[in-house]
Structure formats: structure tokens, C-alpha cells
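Peer 1: next input, structure requested:
(one chain, ligands or ions: 1)
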Amino acid sequence: MGTQPDTPLGGFADPALAAIAARIADGRRLDRADGIALFNTPDLLGLGWLANRAREARHGNQTFYNINRHINYSNICILACPICSFSRRPEDTDGQWQYSPGEIFARAAAGLPAGATEFHIVGGIHPSLPFEYYTAMLRGLRERFPSMHLKAFTAVEIADFSRRFAMPVEDVLKQLIDAGLGSMPGGGGEIFNPAIRHKIAPNKIDGETWLGVHRTAHRLGLPTNCSMLYGHVESVEDRVDHLLALRCLQDETGGFQAFIALAFHPRNNRFSHLPPPTGATDLRTIAVSRLLLDNIPHIKAYWVMLGLKTAQLAQIFGADDMDGTVVEETITHMAGGQSPQSLTVAELERLVQDIGRTPVQRDSVYHAVARP
Ligand code: V47
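Peer 2: Numbering: from 1, shown residues only. Here you go, the predicted model:
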């Protein structure tokens with residue numbers, strides 16, 4: 001922490017926060033009870049202060065972003081998760097899409113911003129696409145866009161490939177890496193508590209399997225991200241347990257690059273009776289994540305889900321990354337997301353600068369990219 005003070009000017013409004021700050025100052029690791037106290041503190045500014053201090057100790061004034069394009073190759077999915085507004089069942093008669101490799105290559109080029117460095121590629125759990133569809137997609141993209149990093153397939157998709165094509169996860173990943181896979185996104189983690197997971201995504205792989213896929217990826221040297229979906233029917237305890245499970249795997253492998261707190265969007269799904277999480281919950285979740293996940297370098301405020309204003313404020317509540325230009329997004333927008341589809345580099349940099357941070361364009365493994 002260098003010479004930074006241990007308390008905000010005037011101290012903490014919540015004695016529980018003061019005790020946690022003292023533990024951090026002693027170099028002690030936060031535990032489950034601390035996590036619960038952080039989520040429950042009424043002193044949101046004190047919590048933000050602590051998270052901001054941890055963030056600045058690691059990243060100073062930098063806020064990272066990348067120039068990327070999302071591609072959702074298909075929304076056909078056999079899982080039918082109650083939280084999801086994006087997917088359509090194979091037997092549905094409308095609203096489905098499944099792009100051919102040719103269409104994927106054309107979409108990849110459409111609206112690609114100058115200086116783009118990453119494709120972020122995910123889809124539903126399809127009943128019948130062959131493994132060659134996925135490898136040909138990666139190979140074709142690598143051939144046509146050799147400088148682009150391919151961040152593709154959540155652990156849920158990888159586990160499904162393993163099941164459907166009767167190959168160990170390790171072999172699936174090795175073949176995808178051979179075809180051009182550069183890293184994996186963090187989606188599909190949701191909430192690990194089996195009772196809650198059963199309510200929001202009953203047919204999805206369980207938390208242990210999700211973690212196991214990431215463990216294997218890390219063993220193969222493939223960097224991955226991780227996430228938590230919050231603001232539905234989970235408790236504060238569920239959030240803390242989820243974060244601690246991620247921290248535990250990171251202790252073992254060190255392979256997670258970034259954590260993304262995904263704010264639940266309740267429109268057009270079976271939880272549409274729920275209100276979306278408020279701005280205070282969003283900022284609190286970012287801040288607690290920064291403090292509990294002391295071994296995951298980057299905390300991403302994904303502007304598509306948080307909205308531009310909250311993602312900006314998150315940069316002083318523990319986050320150090322904004323994600324990127326995105327270009328075209330369907331998962332959040334089909335669930336009622338009101339953010340724009342895309343941001344320009346100038347728009348991203350303005351948000352970052354206006355909160356007093358220094359924007360740093362990064363590649364997919366967090367090296368700074370020199371801007372022309
Ligand atoms: O996998 C599903 C979640 C994820 C909803 O790794 C929902 O860099 C909110 O994972 N409301 C997709 N969330 C997004 C994602 C992501 C985004 C940006 C960057 C990265 C990264 C990863 O969103 C899904 C699922 O976990 N999700 N439905 C919903 N209604």
C-alpha cells in the first residue's frame with residue numbers, strides 16, 4: 001500500500017469496515033465473514049475507498065480497454081436456462097439464428113473498428129453442430145484475420161463439446177488451441193451454490209465442472225476470465241462463496257486474468273418479475289470483488305451490462321477495466337439492456353478520462369497496445 005493512509009479522512013462510518021481495513025493493513029487475507037460484512041456494510045463510500053485503494057495499489061491510475069468485436073454464432077440452445085433471454089430451443093419456430101462459417105467471416109469483418117485486436121465468440125449449447133464447425137470457425141478467422149486474438153467458448157460450451165464429441169476436456173481444448181483459440185471468456189459461471197443454480201440454470205454444468213474446465217485450460221497455459229451473475233435470487237452468502245471458490249482456484253493455477261461481475265437483466269426471461277440490481281448493488285459488488293479476489297489482477301466493469309455511467313463510476317470503486325468497443329451484443333440486449341450496441345475508442349476514452357483515470361488500450365492478455 002506504500003504511503004497511502006489506512007483510513008479515509010474522517011474514518012469509516014461502519015466499525016466492521018474499520019476492523020476489515022485494519023486486517024488488510026496487517027496483510028491478512030479476508031475471509032467469508034469479512035466478505036459478508038463488506039456486502040452488508042451501510043458505508044458504501046468507505047467500501048469504495050478500500051476497494052479503490054487496492055485497485056490503485058495494483059494499477060495506479062490506469063483503466064484498461066480493448067478494441068474488440070463480439071460474435072454470437074448461434075443462439076440455438078438445449079439448456080433453456082430460466083435466466084436467459086438470448087437462447088431459443090431447437091424446436092422453436094422463430095427468433096433463432098445459426099451462422100454458417102461464411103456468414104461468421106462476413107460478420108467478423110462488418111463494422112470492425114480500426115485497430116481491433118480481439119474477437120469474443122460465444123453461442124448457445126447446440127444439439128448437433130459438428131466439432132469441425134467450431135474448429136473451422138477458428139481456423140477460418142485466423143486465416144482471414146491473422147492479427148486478431150480469438151477469445152472463444154465458455155466453460156459451458158467446452159464441457160458440452162467434451163460430452164458430445166466424447167473427448168476429454170483436455171483434448172477438446174488442445175484441438176481448439178491448435179485451431180487458433182487464444183483464451184476463454186468467463187461466462188456461464190452464474191452462481192455456484194447448487195440450490196440457486198438449480199433455480200436459474202438447472203440444465204447447465206455444475207460449479208465444480210465449470211471450475212474443472214478452467215483448471216484444465218490453465219494447466220494447458222490458456223488464460224481465461226471468470227464471472228459471477230448477481231442480482232437474481234442469490235444471497236450475499238452465495239456471492240461470497242462464489243467469489244471464494246474463484247479465489248481458491250486462482251491460488252492453485254494463477255490462470256484467471258479478469259473477473260467480470262455480471263448484473264442480472266430480467267427482461268424477456270422467466271425472472272421478469274424481479275427488479276434489476278440497483279446502481280448501489282452494482283458498485284458494491286465490484287468493490288467487494290476487488291477486495292476478496294486479491295489474486296485476480298483485473299476487475300472488469302462490463303459497460304454493456306452495467307450501463308455507461310455505472311461502469312465509469314466503477315473505475316473508482318475497484319474496477320480497472322471497461323471491456324471494449326464490442327460492436328454488436330445480443331445476450332444483454334435481448335434481456336432488456338439499454339446500453340448502446342457499440343462504443344468508439346473516443347467514447348470509451350472520454351468516459352475514462354472524465355473520471356480522472358488514464359485510458360490504456362490493451363490486448364487480450366493485458367499488454368498495453370501502442371496507439372498510432
Ligand atoms: O454466459 C445470461 C450471463 C454471460 C443473463 O470474459 C446474463 O471478458 C445478465 O460472459 N442478465 C455472457 N447476464 C457475458 C459474458 C462476458 C461479457 C463480457 C466479457 C466477458 C469476458 C464475458 O452473461 C453468460 C451468462 O453468464 N447472462 N443471461 C441475463 N439475463
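Peer 1: which parts of the stretch 1-150 of the chain sit against the ligand?
Peer 2: Within the stretch 1-150 of the chain, the residues that sit near the ligand (C-beta under 6 Å from any ligand atom) are 83, 84, 85. Just so you know, the C-beta spots here come from the backbone N, C-alpha and C atoms, and that holds for glycine as well.
Peer 1: quick one: buried ones out of these?
Peer 2: Among those, the ones that count as buried by 16 or more other C-beta atoms under 10 Å are 83, 84, 85.
Peer 1: just checking, what packs against the helix or strand where residue 353 lies?
Peer 2: For residue 353, the host element (DSSP states H and E) is helix 345-354. Secondary-structure packing of helix 345-354 (3 or more C-beta pairs under 8 Å, 6 or more residues apart in numbering; DSSP states H and E): strand 62-66, helix 308-313, strand 321-324, strand 358-361.
Peer 1: next, the buried residues of it.
Peer 2: For helix 345-354, by 16+ other C-beta under 10 Å, it's 345, 348, 349, 351, 352.
Peer 1: do you know how far the third one is from residue 360?
Peer 2: According to C-beta to C-beta, to the nearest Å, residue 349 and residue 360 sit 10 Å apart.
Peer 1: shared neighbours, those two?
Peer 2: Common contacts of residue 349 and residue 360 (C-beta atoms under 8 Å, 6 or more residues apart in numbering): residue 65.
Peer 1: three-state assignment of whatever residue of the chain ends up closest to the ligand?
Peer 2: For the chain and the ligand, the shortest gap (C-beta to the nearest ligand atom) falls at residue 187, measuring 2.5 Å. Three-state assignment for residue 187 (DSSP: H, G, I helix; E, B strand; the rest coil): coil.
Peer 1: mind checking the backbone torsions on it?
Peer 2: When read as degrees, to the nearest 10, the backbone of residue 187 gives phi -70, psi 170.
Peer 1: run a quick neighbour tally on the closest residue to it other than its chain neighbours.
Peer 2: Spatial nearest neighbour of residue 187, chain neighbours left out: residue 154 (4.1 Å); criterion: C-beta to C-beta, 6 or more residues apart in numbering. Neighbourhood size, residue 154 [other C-beta atoms under 10 Å]: 25.
Peer 1: repeat that for residue 7.
Peer 2: 16.
Peer 1: report the contact partners of it.
Peer 2: Contacts of residue 7 by C-beta under 8 Å, 6+ apart are 18, 21.
Peer 1: quickly note the distance from residue 49 to residue 270.
Peer 2: Counting by C-beta to C-beta - residue 49 and residue 270 are separated by 38 Å.
Peer 1: more neighbours: the two, which one.
Peer 2: Higher neighbour count among residue 49 and residue 270: residue 49, with 20 against 15, using other C-beta under 10 Å.
Peer 1: does the more buried one touch residue 8 like I think?
Peer 2: Yes - between residue 49 and residue 8 there is a contact under C-beta atoms under 8 Å: 4.5 Å.
Peer 1: tell me where the stretch 151-300 of the chain has helices.
Peer 2: Taking DSSP state H, counting those that start in this stretch as the test, the helices found in the stretch 151-300 of the chain are 155-164, 169-179, 194-200, 207-219, 236-253, 279-292.
Peer 1: could you identify which of those helices is most buried?
Peer 2: helix 279-292 (a mean of 24; mean count of other C-beta atoms under 10 Å).
Peer 1: mean confidence (pLDDT) on that one, please.
Peer 2: Computed over helix 279-292, the mean pLDDT rounds to 98.
Peer 1: again, but for stretch 251-262
Peer 2: Mean predicted confidence for stretch 251-262 is 98.
Peer 1: residues making contact with that stretch?
Peer 2: Taking C-beta under 8 Å, 6+ apart as the rule, stretch 251-262 contacts 183, 186-187, 214-215, 217-219, 222-230, 246, 249-250, 282, 285-286, 289, 293, 295-302, 305, 321, 323, 365-366.
Peer 1: recalculate using a threshold of 7 Å.
Peer 2: With contact meaning C-beta atoms under 7 Å, 6 or more residues apart in numbering, stretch 251-262 is reached by 186, 214-215, 217-218, 223-230, 246, 250, 285-286, 289, 293, 295-300, 302, 305, 321, 365-366.
Peer 1: one more: stretch 75-87?
Peer 2: By C-beta under 7 Å, 6+ apart, the list of residues contacting stretch 75-87 reads 88-90, 96-98, 123-127, 200-201, 203-204, 229, 232, 264, 267-271, 330-331, 334-335.
Peer 1: ok, of those, which come out buried?
Peer 2: 88, 96, 98, 123-126, 200-201, 204, 229, 232, 264, 269, 271, 330-331, 334-335.
Peer 1: show me the residues you listed that map onto strands.
Peer 2: residue 229 (DSSP state E).
Peer 1: quick one: stretch 173-187 to chain centroid distance?
Peer 2: Chain-centre distance of stretch 173-187: 16 Å, with C-alpha atoms, centre = their mean, to the nearest Å.
Peer 1: so how far does that stretch reach from one end to the other?
Peer 2: With C-alpha to C-alpha, to the nearest Å applied, stretch 173-187 spans 17 Å between its terminal residues.
Peer 1: so for that stretch, mean pLDDT?
Peer 2: Stretch 173-187 comes out at a mean pLDDT of 98.
Peer 1: related to what we said a few turns ago, looking at the helices and strands packed on helix 345-354, which is buried most?
Peer 2: Across the helices and strands packed on helix 345-354, averaging neighbours per residue (mean count of other C-beta under 10 Å) puts strand 321-324 on top, at a mean of 26.
Peer 1: distance from the chain centre to it, please.
Peer 2: Relative to its parent chain, strand 321-324 has a centroid offset of 10 Å by C-alpha atoms, centre = their mean.
Peer 1: please see if that strand touches the ligand.
Peer 2: Yes - residues of strand 321-324 contacting the ligand under C-beta under 6 Å from any ligand atom: residue 323.
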